[in-house]
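A.B. asks: please find the sequence and the predicted model below.
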Amino acid sequence: MKQYKNILVNALINLGDVVVSTSAIAILKKVYPDAKITMLVKPVVVEALVNNPLIDEVIPFQYKAKENSVKAMLKMVRLLKNKKYDLSISFDRKLRPALLCYLAGIPVRVGPDRVFGDTPSKVTWLYTNVVHLEHDLNNTLQAETYQSIVRGFTGSDIHENPVFARITKESQNNAQKLLQQLPYKKKRIALCVKGTFPLKTWPKEYFVRLVDMLVEKYDASFYIIGAPNDREYADEVIEAMHQNVLNFCGKTSLVDLAAIMEQTDLFVTVDTGATHIAATTGVKMVTMYGCTSPKRWRPINVNARALSSEEKCCPCSVRVGECPSAPKPDCLWHITPDMVLKECIALLD
(Lines give C-alpha, C1' and ligand atoms only; values in the text may rest on other atoms or scores of the structure.)
Protein backbone atom coordinates (compact mmCIF):
# COMPACT_ATOMS: atom_id res chain seq x y z
CA MET A 1 0.00 0.00 0.00
CA LYS A 2 1.26 3.47 -0.87
CA GLN A 3 2.16 5.49 2.20
CA TYR A 4 0.94 9.09 1.94
CA LYS A 5 2.93 11.61 3.95
CA ASN A 6 0.96 14.86 3.83
CA ILE A 7 -2.83 14.55 4.02
CA LEU A 8 -5.48 17.28 3.86
CA VAL A 9 -8.95 16.46 5.20
CA ASN A 10 -11.82 18.71 4.07
CA ALA A 11 -14.38 18.91 6.88
CA LEU A 12 -16.43 22.07 6.37
CA ILE A 13 -19.18 20.57 8.50
CA ASN A 14 -20.85 21.46 11.80
CA LEU A 15 -19.32 21.01 15.24
CA GLY A 16 -20.97 17.68 16.08
CA ASP A 17 -19.98 16.26 12.70
CA VAL A 18 -16.40 17.40 13.14
CA VAL A 19 -16.21 15.67 16.50
CA VAL A 20 -17.57 12.35 15.20
CA SER A 21 -15.43 12.61 12.04
CA THR A 22 -12.31 12.33 14.20
CA SER A 23 -13.11 8.61 14.39
CA ALA A 24 -12.23 8.48 10.68
CA ILE A 25 -9.07 10.50 11.31
CA ALA A 26 -8.09 7.87 13.88
CA ILE A 27 -8.23 5.27 11.08
CA LEU A 28 -6.12 7.47 8.81
CA LYS A 29 -3.53 7.80 11.58
CA LYS A 30 -3.28 4.02 11.92
CA VAL A 31 -3.11 3.35 8.18
CA TYR A 32 -0.59 6.17 7.56
CA PRO A 33 1.24 6.47 10.90
CA ASP A 34 3.98 8.75 9.57
CA ALA A 35 1.65 11.16 7.76
CA LYS A 36 1.05 14.76 8.73
CA ILE A 37 -2.72 15.32 8.89
CA THR A 38 -4.24 18.76 8.34
CA MET A 39 -7.95 19.59 8.58
CA LEU A 40 -9.68 22.35 6.61
CA VAL A 41 -12.64 23.43 8.77
CA LYS A 42 -15.02 26.25 9.62
CA PRO A 43 -13.45 28.82 11.99
CA VAL A 44 -16.01 28.13 14.75
CA VAL A 45 -14.79 24.54 15.21
CA VAL A 46 -11.02 25.20 15.18
CA GLU A 47 -10.84 25.02 18.97
CA ALA A 48 -12.10 21.43 18.94
CA LEU A 49 -9.12 20.36 16.83
CA VAL A 50 -6.12 22.57 17.67
CA ASN A 51 -5.08 20.44 20.65
CA ASN A 52 -6.33 17.14 19.22
CA PRO A 53 -3.70 14.37 19.37
CA LEU A 54 -4.73 13.12 15.91
CA ILE A 55 -4.43 16.46 14.10
CA ASP A 56 -1.13 18.11 13.20
CA GLU A 57 -2.49 21.34 11.71
CA VAL A 58 -5.83 23.11 11.36
CA ILE A 59 -6.65 25.56 8.57
CA PRO A 60 -9.80 27.69 9.06
CA PHE A 61 -11.85 28.48 5.96
CA GLN A 62 -14.92 30.70 6.11
CA TYR A 63 -17.39 28.92 3.84
CA LYS A 64 -19.83 31.64 2.86
CA ALA A 65 -20.45 32.63 -0.73
CA LYS A 66 -20.39 36.39 -0.05
CA GLU A 67 -17.12 36.13 1.86
CA ASN A 68 -15.27 33.84 -0.55
CA SER A 69 -14.18 36.29 -3.21
CA VAL A 70 -11.99 35.21 -6.10
CA LYS A 71 -9.08 36.89 -4.33
CA ALA A 72 -9.69 34.93 -1.12
CA MET A 73 -10.06 31.69 -3.06
CA LEU A 74 -6.81 32.23 -4.95
CA LYS A 75 -5.03 33.03 -1.68
CA MET A 76 -6.20 29.71 -0.24
CA VAL A 77 -5.18 27.88 -3.43
CA ARG A 78 -1.66 29.28 -3.08
CA LEU A 79 -1.55 28.25 0.57
CA LEU A 80 -2.61 24.69 -0.17
CA LYS A 81 -0.28 24.43 -3.15
CA ASN A 82 2.67 25.52 -1.01
CA LYS A 83 1.81 22.86 1.57
CA LYS A 84 2.40 20.18 -1.13
CA TYR A 85 -0.27 17.72 0.00
CA ASP A 86 -0.13 14.31 -1.67
CA LEU A 87 -3.66 13.28 -0.65
CA SER A 88 -6.93 15.05 0.14
CA ILE A 89 -10.02 13.39 1.60
CA SER A 90 -13.41 15.11 1.72
CA PHE A 91 -16.03 14.52 4.40
CA ASP A 92 -18.47 16.72 2.49
CA ARG A 93 -19.33 17.40 -1.15
CA LYS A 94 -19.06 21.18 -1.11
CA LEU A 95 -17.85 22.75 -4.33
CA ARG A 96 -15.34 25.25 -3.00
CA PRO A 97 -13.08 22.88 -1.01
CA ALA A 98 -13.17 20.37 -3.88
CA LEU A 99 -12.24 23.15 -6.29
CA LEU A 100 -9.49 24.38 -3.97
CA CYS A 101 -7.87 20.94 -3.90
CA TYR A 102 -8.17 20.60 -7.67
CA LEU A 103 -6.61 24.01 -8.34
CA ALA A 104 -3.91 23.39 -5.74
CA GLY A 105 -2.84 20.36 -7.74
CA ILE A 106 -3.23 17.78 -5.00
CA PRO A 107 -2.62 14.60 -7.01
CA VAL A 108 -5.01 12.23 -5.19
CA ARG A 109 -8.40 13.68 -4.24
CA VAL A 110 -10.85 11.35 -2.50
CA GLY A 111 -14.52 12.01 -1.83
CA PRO A 112 -17.82 10.15 -1.31
CA ASP A 113 -20.58 9.77 -3.85
CA ARG A 114 -22.98 10.79 -1.05
CA VAL A 115 -22.59 11.83 2.57
CA PHE A 116 -25.65 13.73 3.89
CA GLY A 117 -28.23 12.83 1.24
CA ASP A 118 -28.69 10.64 -1.79
CA THR A 119 -28.86 13.43 -4.39
CA PRO A 120 -26.08 13.03 -7.00
CA SER A 121 -23.56 15.86 -7.29
CA LYS A 122 -21.24 16.93 -10.10
CA VAL A 123 -18.71 17.93 -7.42
CA THR A 124 -17.50 14.33 -7.56
CA TRP A 125 -16.05 15.14 -11.00
CA LEU A 126 -13.30 17.01 -9.14
CA TYR A 127 -12.23 13.86 -7.25
CA THR A 128 -9.70 11.38 -8.60
CA ASN A 129 -11.19 8.63 -6.43
CA VAL A 130 -14.92 8.47 -5.67
CA VAL A 131 -15.88 6.22 -2.74
CA HIS A 132 -19.26 4.56 -3.15
CA LEU A 133 -21.22 4.29 0.10
CA GLU A 134 -23.67 1.41 0.00
CA HIS A 135 -25.30 1.74 3.43
CA ASP A 136 -28.54 3.52 4.32
CA LEU A 137 -27.44 6.95 5.53
CA ASN A 138 -30.46 7.50 7.78
CA ASN A 139 -29.98 4.21 9.62
CA THR A 140 -26.21 4.33 10.01
CA LEU A 141 -24.22 6.32 12.53
CA GLN A 142 -22.71 9.38 10.88
CA ALA A 143 -19.36 8.44 12.36
CA GLU A 144 -19.55 5.19 10.39
CA THR A 145 -20.27 7.16 7.21
CA TYR A 146 -17.09 9.19 7.67
CA GLN A 147 -15.12 6.06 8.52
CA SER A 148 -16.53 4.30 5.46
CA ILE A 149 -15.03 7.01 3.25
CA VAL A 150 -11.59 6.31 4.69
CA ARG A 151 -12.03 2.53 4.68
CA GLY A 152 -13.34 2.63 1.12
CA PHE A 153 -10.15 4.32 -0.09
CA THR A 154 -7.58 2.60 2.12
CA GLY A 155 -9.08 -0.90 2.18
CA SER A 156 -8.80 -0.91 5.96
CA ASP A 157 -11.36 -2.71 8.14
CA ILE A 158 -10.60 -0.68 11.29
CA HIS A 159 -13.36 0.88 13.40
CA GLU A 160 -12.56 3.74 15.78
CA ASN A 161 -14.26 6.12 18.23
CA PRO A 162 -14.18 9.94 18.12
CA VAL A 163 -11.28 11.71 19.81
CA PHE A 164 -11.62 15.23 21.23
CA ALA A 165 -8.96 17.82 21.96
CA ARG A 166 -6.75 17.29 25.00
CA ILE A 167 -8.20 18.88 28.13
CA THR A 168 -5.72 21.44 29.39
CA LYS A 169 -4.99 22.39 32.99
CA GLU A 170 -6.41 25.83 32.22
CA SER A 171 -9.72 24.32 31.13
CA GLN A 172 -9.82 22.11 34.20
CA ASN A 173 -9.36 25.20 36.37
CA ASN A 174 -12.04 27.11 34.45
CA ALA A 175 -14.46 24.22 34.92
CA GLN A 176 -13.70 24.01 38.62
CA LYS A 177 -14.35 27.75 39.08
CA LEU A 178 -17.77 27.43 37.46
CA LEU A 179 -18.72 24.33 39.42
CA GLN A 180 -17.77 26.03 42.69
CA GLN A 181 -20.68 28.42 42.06
CA LEU A 182 -23.13 25.54 42.46
CA PRO A 183 -24.63 24.79 45.89
CA TYR A 184 -22.95 21.79 47.49
CA LYS A 185 -24.92 18.66 46.62
CA LYS A 186 -24.12 14.98 46.15
CA LYS A 187 -24.83 15.07 42.41
CA ARG A 188 -24.07 17.56 39.65
CA ILE A 189 -26.50 17.49 36.74
CA ALA A 190 -25.95 19.44 33.51
CA LEU A 191 -28.66 20.42 31.04
CA CYS A 192 -28.49 21.55 27.42
CA VAL A 193 -31.93 22.96 26.68
CA LYS A 194 -31.72 24.49 23.19
CA GLY A 195 -31.06 22.86 19.83
CA THR A 196 -29.82 24.62 16.73
CA PHE A 197 -33.43 24.87 15.52
CA PRO A 198 -36.89 24.47 17.14
CA LEU A 199 -37.55 20.87 16.12
CA LYS A 200 -34.51 19.85 18.15
CA THR A 201 -35.57 21.74 21.28
CA TRP A 202 -37.35 19.72 23.98
CA PRO A 203 -40.23 21.69 25.61
CA LYS A 204 -39.39 24.07 28.46
CA GLU A 205 -42.24 22.62 30.52
CA TYR A 206 -40.67 19.19 30.26
CA PHE A 207 -37.30 20.38 31.53
CA VAL A 208 -39.03 22.03 34.49
CA ARG A 209 -40.93 18.85 35.33
CA LEU A 210 -37.83 16.67 34.90
CA VAL A 211 -35.75 18.79 37.27
CA ASP A 212 -38.54 18.72 39.87
CA MET A 213 -38.66 14.91 39.68
CA LEU A 214 -34.87 14.58 39.87
CA VAL A 215 -34.82 16.78 43.00
CA GLU A 216 -37.38 14.48 44.61
CA LYS A 217 -35.05 11.52 44.13
CA TYR A 218 -31.53 12.98 44.33
CA ASP A 219 -29.59 15.58 46.29
CA ALA A 220 -28.49 17.40 43.12
CA SER A 221 -27.41 20.78 41.81
CA PHE A 222 -28.19 21.85 38.25
CA TYR A 223 -26.65 24.03 35.57
CA ILE A 224 -27.31 24.76 31.88
CA ILE A 225 -24.57 24.81 29.26
CA GLY A 226 -24.70 26.20 25.73
CA ALA A 227 -23.38 28.76 23.30
CA PRO A 228 -23.49 32.52 24.07
CA ASN A 229 -26.61 32.97 21.92
CA ASP A 230 -28.37 30.26 23.97
CA ARG A 231 -28.11 32.30 27.15
CA GLU A 232 -31.35 34.25 26.77
CA TYR A 233 -33.39 31.11 26.09
CA ALA A 234 -31.73 29.35 29.03
CA ASP A 235 -32.75 32.27 31.25
CA GLU A 236 -36.36 31.76 30.14
CA VAL A 237 -36.15 28.09 31.11
CA ILE A 238 -34.60 28.99 34.46
CA GLU A 239 -37.33 31.57 35.10
CA ALA A 240 -39.91 28.77 34.87
CA MET A 241 -37.96 26.46 37.20
CA HIS A 242 -39.00 25.74 40.78
CA GLN A 243 -35.40 24.81 41.61
CA ASN A 244 -32.12 26.71 41.67
CA VAL A 245 -30.46 26.30 38.25
CA LEU A 246 -27.39 28.25 37.10
CA ASN A 247 -26.80 29.48 33.57
CA PHE A 248 -23.30 28.71 32.22
CA CYS A 249 -24.19 29.39 28.55
CA GLY A 250 -21.35 31.25 26.85
CA LYS A 251 -19.05 30.82 29.85
CA THR A 252 -17.14 27.80 28.57
CA SER A 253 -14.86 27.21 25.64
CA LEU A 254 -15.28 23.90 23.81
CA VAL A 255 -12.42 22.40 25.80
CA ASP A 256 -13.82 23.89 29.04
CA LEU A 257 -17.07 22.10 28.20
CA ALA A 258 -15.28 18.75 28.04
CA ALA A 259 -13.52 19.53 31.32
CA ILE A 260 -16.77 20.38 33.10
CA MET A 261 -18.40 17.19 31.80
CA GLU A 262 -15.61 15.14 33.36
CA GLN A 263 -16.70 16.53 36.73
CA THR A 264 -20.46 16.05 36.16
CA ASP A 265 -22.60 13.09 37.23
CA LEU A 266 -25.30 13.34 34.55
CA PHE A 267 -25.90 15.31 31.36
CA VAL A 268 -29.45 15.68 29.98
CA THR A 269 -29.36 17.20 26.52
CA VAL A 270 -31.02 17.78 23.19
CA ASP A 271 -29.27 16.77 19.96
CA THR A 272 -26.48 19.31 19.51
CA GLY A 273 -22.72 19.59 19.08
CA ALA A 274 -22.21 19.63 22.85
CA THR A 275 -23.73 16.13 22.95
CA HIS A 276 -20.84 14.69 20.94
CA ILE A 277 -18.18 16.62 22.85
CA ALA A 278 -19.62 15.33 26.13
CA ALA A 279 -19.74 11.78 24.77
CA THR A 280 -15.95 11.71 24.37
CA THR A 281 -15.59 12.18 28.16
CA GLY A 282 -17.72 9.14 29.01
CA VAL A 283 -20.15 11.18 31.14
CA LYS A 284 -23.51 9.52 31.87
CA MET A 285 -25.96 11.20 29.52
CA VAL A 286 -29.50 11.14 28.15
CA THR A 287 -30.23 12.73 24.77
CA MET A 288 -33.72 13.55 23.46
CA TYR A 289 -34.14 13.45 19.68
CA GLY A 290 -36.91 15.33 17.86
CA CYS A 291 -36.78 15.61 14.09
CA THR A 292 -33.39 13.87 13.96
CA SER A 293 -32.81 10.16 14.43
CA PRO A 294 -30.58 8.55 17.07
CA LYS A 295 -29.94 5.77 14.55
CA ARG A 296 -27.74 8.31 12.78
CA TRP A 297 -26.81 10.92 15.38
CA ARG A 298 -26.70 9.21 18.78
CA PRO A 299 -23.55 9.89 20.81
CA ILE A 300 -20.84 7.23 20.86
CA ASN A 301 -20.57 6.59 24.58
CA VAL A 302 -21.36 3.40 26.51
CA ASN A 303 -22.90 5.58 29.24
CA ALA A 304 -25.29 7.32 26.82
CA ARG A 305 -29.02 6.75 26.41
CA ALA A 306 -30.88 8.08 23.36
CA LEU A 307 -34.63 8.71 23.36
CA SER A 308 -36.87 9.14 20.33
CA SER A 309 -40.62 8.74 19.82
CA GLU A 310 -39.76 7.33 16.37
CA GLU A 311 -42.52 9.17 14.55
CA LYS A 312 -43.19 7.98 11.00
CA CYS A 313 -42.28 11.43 9.67
CA CYS A 314 -38.81 11.40 11.26
CA PRO A 315 -36.20 12.23 10.28
CA CYS A 316 -37.44 15.44 8.69
CA SER A 317 -36.16 18.89 7.79
CA VAL A 318 -39.34 20.98 7.91
CA ARG A 319 -39.68 24.19 9.90
CA VAL A 320 -41.66 23.99 13.10
CA GLY A 321 -44.52 26.02 11.57
CA GLU A 322 -44.76 23.52 8.73
CA CYS A 323 -44.89 20.49 11.01
CA PRO A 324 -48.29 18.73 10.80
CA SER A 325 -48.46 18.48 14.60
CA ALA A 326 -47.37 22.07 15.33
CA PRO A 327 -47.37 23.97 17.66
CA LYS A 328 -46.57 20.88 19.74
CA PRO A 329 -44.58 18.60 17.42
CA ASP A 330 -45.19 14.95 18.21
CA CYS A 331 -41.50 14.08 17.89
CA LEU A 332 -40.71 16.32 20.87
CA TRP A 333 -43.85 16.19 23.01
CA HIS A 334 -44.15 12.40 22.84
CA ILE A 335 -40.83 12.08 24.71
CA THR A 336 -42.19 12.67 28.19
CA PRO A 337 -40.32 13.68 31.37
CA ASP A 338 -41.19 10.28 32.85
CA MET A 339 -39.40 8.57 29.95
CA VAL A 340 -36.31 10.70 30.49
CA LEU A 341 -36.41 10.25 34.27
CA LYS A 342 -36.45 6.48 33.85
CA GLU A 343 -33.20 6.61 31.87
CA CYS A 344 -31.64 9.08 34.34
CA ILE A 345 -32.41 6.73 37.23
CA ALA A 346 -30.99 3.75 35.34
CA LEU A 347 -27.73 5.64 34.87
CA LEU A 348 -27.44 7.25 38.31
CA ASP A 349 -28.47 4.19 40.30
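C.D. replies: It's in.
A.B. asks: C-alpha only now, for contacts and for neighbours.
C.D. replies: Fine.
A.B. asks: so where do the strands sit in the chain?
C.D. replies: Using DSSP state E, the strands of the chain run over residues 6-11, 36-41, 57-60, 87-90, 109-112, 129-131, 187-192, 220-224, 245-247, 266-270, 285-289, 304-308.
A.B. asks: would TSV of those strands with mean neighbour count, mean pLDDT and distance to His334 be doable?
C.D. replies: Formatted as TSV, the strands of the chain follow (neighbours: other Cα atoms under 10 Å; pLDDT from 0 to 100; distance: least, Cα to Cα, whole Å):
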stretch	mean neighbour count	mean pLDDT	distance to His334
strand 6-11	22	97	34
strand 36-41	22	97	36
strand 57-60	18	96	40
strand 87-90	22	98	37
strand 109-112	25	97	36
strand 129-131	18	97	39
strand 187-192	22	98	19
strand 220-224	22	98	23
strand 245-247	21	98	25
strand 266-270	25	98	14
strand 285-289	27	98	11
strand 304-308	21	97	8
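A.B. asks: wait, which of those strands is closest to Val50?
C.D. replies: strand 57-60 (6.3 Å; Cα to Cα).
A.B. asks: strands paired with that closest one, and their directions?
C.D. replies: Here strand 57-60 is paired, per DSSP bridges, with strand 36-41 (parallel).
A.B. asks: now the strand it pairs with and strand 6-11, what's the angle there?
C.D. replies: 20 degrees (axes from the mean of the first three to the mean of the last three Cα atoms, to 10 degrees).
A.B. asks: sorry, back to before: will you turn the strands of the chain into TSV that also has distance to Ser317?
C.D. replies: TSV is the format used below for these (distance: least, Cα to Cα, whole Å):
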stretch	distance to Ser317
strand 6-11	22
strand 36-41	24
strand 57-60	28
strand 87-90	24
strand 109-112	22
strand 129-131	26
strand 187-192	21
strand 220-224	26
strand 245-247	29
strand 266-270	16
strand 285-289	13
strand 304-308	16
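A.B. asks: and Asp17, which of the ones you listed is closest to it?
C.D. replies: strand 6-11 (8.5 Å).
A.B. asks: show me what counts as buried in the lengthiest helix in the chain.
C.D. replies: The helix that spans the most residues within the chain, counting by DSSP state H, is helix 15-31. Buried residues in helix 15-31, counted by 16 or more other Cα atoms under 10 Å: 15-28, 31.
A.B. asks: can you tell me which of those lies closest to Met76?
C.D. replies: Val18 (20.8 Å).
A.B. asks: where in the chain is pLDDT low?
C.D. replies: 63-68, 320 (pLDDT under 70).
A.B. asks: domain map for it?
C.D. replies: What automatic domain parsing lists as the domains of the chain is 6-154, 169-348.
A.B. asks: looking at those domains, which is closest to Pro162?
C.D. replies: domain 6-154 (4.1 Å).
A.B. asks: how far does that closest one stretch from start to finish?
C.D. replies: In domain 6-154, first residue to last residue: 15 Å (Cα to Cα, to the nearest Å).
A.B. asks: ok, stretch 151-168 next?
C.D. replies: 32 Å.
A.B. asks: check stretch 265-280 too.
C.D. replies: With Cα to Cα as the measure, stretch 265-280 spans 15 Å from end to end.
A.B. asks: show me how far that stretch is from its chain's centre.
C.D. replies: Distance of stretch 265-280 from the chain centroid (Cα atoms, centre = their mean, to the nearest Å) equals 9 Å.
A.B. asks: in stretch 90-110, what's buried?
C.D. replies: 90-94, 96-106, 108-110.
A.B. asks: identify all contacting residues around stretch 89-101.
C.D. replies: Applying Cα atoms under 8 Å, 6 or more residues apart in numbering, the contact partners of stretch 89-101 are 7-13, 21, 73, 76-77, 80, 88, 109-112, 114-116, 121, 123-124, 126-127, 146, 149-150.
A.B. asks: with stretch 170-185 instead?
C.D. replies: Contacts for stretch 170-185 (Cα under 8 Å, 6+ apart): 219-223, 246, 248, 252, 255-257, 259-260.
A.B. asks: and the angle from the longest helix of the chain to strand 6-11?
C.D. replies: Between helix 15-31 and strand 6-11, the angle comes out at 160 degrees (the same axes, to 10 degrees).
A.B. asks: who does helix 15-31 touch, helix- and strand-wise?
C.D. replies: helix 142-154, helix 273-279 (3 or more Cα pairs under 8 Å, 6 or more residues apart in numbering; DSSP states H and E).
A.B. asks: most tightly surrounded among those?
C.D. replies: Among those, helix 273-279 has the highest mean neighbour count (mean count of other Cα atoms under 10 Å), at a mean of 24.
A.B. asks: packing partners of it?
C.D. replies: helix 15-31, helix 254-262.
A.B. asks: and the first one, how far out from the chain middle?
C.D. replies: Taking the mean of its C-alpha atoms, helix 15-31 sits 12 Å from the chain's own mean (Cα atoms, centre = their mean).
A.B. asks: related to what we said a few turns ago, turn the domains of the chain into TSV, including distance to Glu160.
C.D. replies: As requested, these are arranged in TSV below (distance: least, Cα to Cα, whole Å):
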stretch	distance to Glu160
domain 6-154	5
domain 169-348	10
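A.B. asks: any chance you could map the helices in the stretch 201-349 of the chain?
C.D. replies: 204-217, 231-240, 254-262, 273-279, 294-297, 330-333, 337-348 (DSSP state H, counting those that start in this stretch).
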